[in-house]
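> sequence-free structure coming up:
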């Protein structure tokens, strides 16, 4: 009989470690794995209740709200679906901004639950115009669905401006925001901006494994929730909120993921949110400047459309993710209509300037292997110039 | 009362992770940490005995010997001292090759235990000439102390050739080899070459935390051991060997480090030693070629003198390790007479091509900050050329 000590490197490769640099899942740091390892608690016990109590308080800061931020066992798609189920009845009219795979997914969920969806199809790589949303409003509009950051393209939508417009033009409508790749990346303060429902997932900026999602709702949304006629049991946010107030969950809580989340939020508070957002913004800006300096093309042409979550580079029919994988880097490609057309460089979560620099070196390398001349030296020069700029240039509406 | 979940990132820095890239301690991979976490066994129990049994068998392959490879709770310096204590009596004459800090340390240990030491001082950055060792031999020479890899300079000594010469010219003398940065880096097969005592440490190529060392002795050395008049208790290798044969240790065994070692050796066997040695050699060769292509100076001028453990680059009075630390990379500088004169780039243990590439980019960067023009593009080109060469060019005496 062999000993039980069967740990072997699952990623053994002589020359390259396994480096996950996608827009999610992102690397999970050791201190989070340790926190998860020491968090196998009973979900109705006092140890877990204490962790929940502290986590709930820190989540309010993260979301910028005084409302309860709920924790769900399930990925971001579950939370997106919950936002549909809990705040709309079949037959109600909503506007959905479709600027990529995840915008498309929210539209589909709304349709499946019987909503009448007016979809705004936005050119991939562009942010939606506030005017385009306004032009779709009718007296029947009950909600607007939009992603603060569309992960499939790396685009950031003007949530603050949309919220302001809705307050004036359609004060009854609920503004639903998917923050899966914005929460922890850049500021989307719910209460200050007037977001009615905000959802997020664990495996992006929150540096956790997949399997946990978050959601919060405004007072206006909660009032509507009580009147909604829709089928829901697991995803009934009223039950989740009620049990959260008792520092537990409606069913078995994902105790280790919550333990990890607690550690992550403590780390965020130690780092400071301003610094955290500056880091994400600066890594993105440095990436964009490097890509441009190397003579390569970005999907999001305009800086103001770009999300700090990831940077989509046009593959120009030359390169794909396999070229990166061969040299140990796992990056994302395009999805749906962007399949084969872009490479997405990741820079959220537990990634630093060197993780991003390696992606830029690899980008130049895979292009050069296909015969395209790329000026890496200029790219790196532009990269460091942004990273080492002493001035915090984080745009005002992302701090 | 706060919850006990106090895990916070100990290395929190907004832009740079903590990256340890020294010649040791080296990064400890997750699968090793996991193995250590699951190895808190009783050192006289059956679970630990099973791990010891399997580890002992794998250690023989690592050392290239049929003799027992002993495990000590203590760092490499303890094992070096044990090699002195167990195989020499006060007053005996030995030759010690001093080509750096660690050669110097072994000489000191020999002197403290009353040995008469004939020291060969080798120019830093150069390997010892076999003829220089031969010229110091007298009929009274009882041993030769030499490092297969001198970590403080990044130099590899010609052990195979020294062993061959000793077999002819001084067959009674014992050849003691410090393999702290060679075991797991390049081949030093004890039995095939005729090494009498070989020692190693955990925190280098073995990808473990510091605190464990290894040692083995030839039949000739063991015979001498019994006759030696020297004070020893903790470091009495006879006791260690006796208890090893019973799959335990003389005192409390470092059970978690042994559990980690078991996992590492399994991983090595899965990877294959030929591949493991090729990786180390190629990372070093790629580093040297990059440094040369960038117009920078190496301490070890001749390729045949260079150890795959680390690469010493002349700092030219311009740069120091602080420049690297500022951008998140912990590298080693020079020691003793080389203090302030070199930067040592690490490439052993759990490091891959990207870890080394980052050091090369950083090297160019810190030099350029001091006004020296460095051709990084040429450096990276030379680097990848070696890494991606399909031919295994590992020198024959390092495979």
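Great, that's in hand. Model, not experiment: these values are computed from the prediction.
> Kindly provide the distance from residue A:235 to chain B.
Residue A:235 sits 27 Å away from chain B, going by CB to the nearest CB, to the nearest Å. For glycine as for every other residue, the C-beta is placed from the backbone atoms N, C-alpha and C.
> any idea which element the nearest residue to that residue once chain neighbours are set aside lies in?
Leaving out its chain neighbours, the residue that sits closest to residue A:235 by CB to CB, 6 or more residues apart in numbering or on different chains is residue A:82, at 4.3 Å. Using DSSP states H and E, residue A:82 falls within helix A:76-87.
> Please list the outside residues in contact with that helix.
Here helix A:76-87 makes contact (CB atoms under 8 Å, 6 or more residues apart in numbering or on different chains) with A:72, A:105-106, A:109-110, A:113, A:115, A:143, A:145, A:174, A:176, A:178, A:180, A:196-197, A:199-201, A:213-215, A:217, A:221, A:224-225, A:228, A:230-232, A:235-238.
> What is the burial count for the residue nearest to residue A:235?
25 (other CB atoms under 10 Å in any protein chain shown).
> Mind checking what helix or strand follows the helix holding residue A:82 in sequence?
Assigned by DSSP H and E, the successor of helix A:76-87 is strand A:93-98.
> between that next one and helix A:76-87, how big is the angle?
Here the directions of strand A:93-98 and helix A:76-87 differ by 160 degrees (axes from the mean of the first three to the mean of the last three CA atoms, to 10 degrees).
> Could you name the helices and strands sitting against strand A:93-98?
Packing contacts for strand A:93-98, counted by 3 or more CB pairs under 8 Å, 6 or more residues apart in numbering or on different chains; DSSP states H and E, involve helix A:101-112, strand A:116-121, helix A:130-136, strand A:141-147.
> partners of the second one in the sheet?
Which is strand A:116-121. strand A:93-98 (parallel) (DSSP bridges).
> In the partner strand, which of the residues would be classed as buried?
Using 16 or more other CB atoms under 10 Å in any protein chain shown as the test for burial, strand A:93-98 gives A:93, A:94, A:95, A:96, A:97, A:98.
> any chance of the residues you listed in JSON lines, with pLDDT and distance to residue A:136 too?
What follows is the buried residues of strand A:93-98, written out as JSON lines (pLDDT from 0 to 100; distance: CB to CB, whole Å):
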{"residue": "A:93", "pLDDT": "98", "distance to residue A:136": "10"}
{"residue": "A:94", "pLDDT": "98", "distance to residue A:136": "10"}
{"residue": "A:95", "pLDDT": "98", "distance to residue A:136": "5"}
{"residue": "A:96", "pLDDT": "98", "distance to residue A:136": "10"}
{"residue": "A:97", "pLDDT": "98", "distance to residue A:136": "9"}
{"residue": "A:98", "pLDDT": "97", "distance to residue A:136": "12"}
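> Please identify the most buried of the helices and strands packed on strand A:93-98.
Comparing the helices and strands packed on strand A:93-98 by mean neighbour count (mean count of other CB atoms under 10 Å in any protein chain shown), strand A:141-147 comes out on top with a mean of 26.
> I'd say residue A:54 and residue A:262 touch.
Yes - between residue A:54 and residue A:262 there is a contact at 6.2 Å, judged by CB atoms under 8 Å.
> Between these two, which is the more surrounded one?
residue A:262 (27 against 17).
> pretty sure the more buried one belongs to a helix, no?
Yes - the assignment for residue A:262 is a helix, going by DSSP: H, G, I helix; E, B strand; the rest coil.
> So it versus residue B:37, what's the distance?
Noted for residue A:262: a distance of 20 Å to residue B:37, by CB to CB, to the nearest Å.
> burial count for the nearest residue to residue A:232 once chain neighbours are set aside?
Closest residue in space to residue A:232, ignoring its immediate chain neighbours: residue A:85 at 4.5 Å, by CB to CB, 6+ apart. Look at residue A:85: counted by other CB under 10 Å, it has 21 neighbours.
> And residue A:344, by the same measure?
Residues near residue A:344, counting by other CB under 10 Å: 26.
> Now it: which helix or strand?
Counting by DSSP H and E, residue A:344 is part of strand A:342-346.
> What are the boundaries of the helices in chain A?
With DSSP state H as the criterion, chain A has helices at A:30-37, A:46-63, A:76-87, A:101-112, A:130-136, A:159-169, A:190-193, A:219-225, A:237-244, A:255-271, A:273-293, A:321-325, A:353-369, A:376-387.
> need the ones you listed in JSON lines with mean pLDDT, can you?
As requested, those are exported to JSON lines (pLDDT from 0 to 100):
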{"stretch": "helix A:30-37", "mean pLDDT": "92"}
{"stretch": "helix A:46-63", "mean pLDDT": "98"}
{"stretch": "helix A:76-87", "mean pLDDT": "97"}
{"stretch": "helix A:101-112", "mean pLDDT": "97"}
{"stretch": "helix A:130-136", "mean pLDDT": "98"}
{"stretch": "helix A:159-169", "mean pLDDT": "98"}
{"stretch": "helix A:190-193", "mean pLDDT": "98"}
{"stretch": "helix A:219-225", "mean pLDDT": "98"}
{"stretch": "helix A:237-244", "mean pLDDT": "98"}
{"stretch": "helix A:255-271", "mean pLDDT": "96"}
{"stretch": "helix A:273-293", "mean pLDDT": "95"}
{"stretch": "helix A:321-325", "mean pLDDT": "95"}
{"stretch": "helix A:353-369", "mean pLDDT": "97"}
{"stretch": "helix A:376-387", "mean pLDDT": "95"}
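> Switch these over to a markdown table, and while doing so, append distance to residue B:127 to every line.
Shown next, in a markdown table, are these (distance: least, CB to CB, whole Å):
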| stretch | distance to residue B:127 |
| --- | --- |
| helix A:30-37 | 38 |
| helix A:46-63 | 57 |
| helix A:76-87 | 58 |
| helix A:101-112 | 59 |
| helix A:130-136 | 71 |
| helix A:159-169 | 64 |
| helix A:190-193 | 66 |
| helix A:219-225 | 74 |
| helix A:237-244 | 67 |
| helix A:255-271 | 47 |
| helix A:273-293 | 42 |
| helix A:321-325 | 39 |
| helix A:353-369 | 33 |
| helix A:376-387 | 36 |
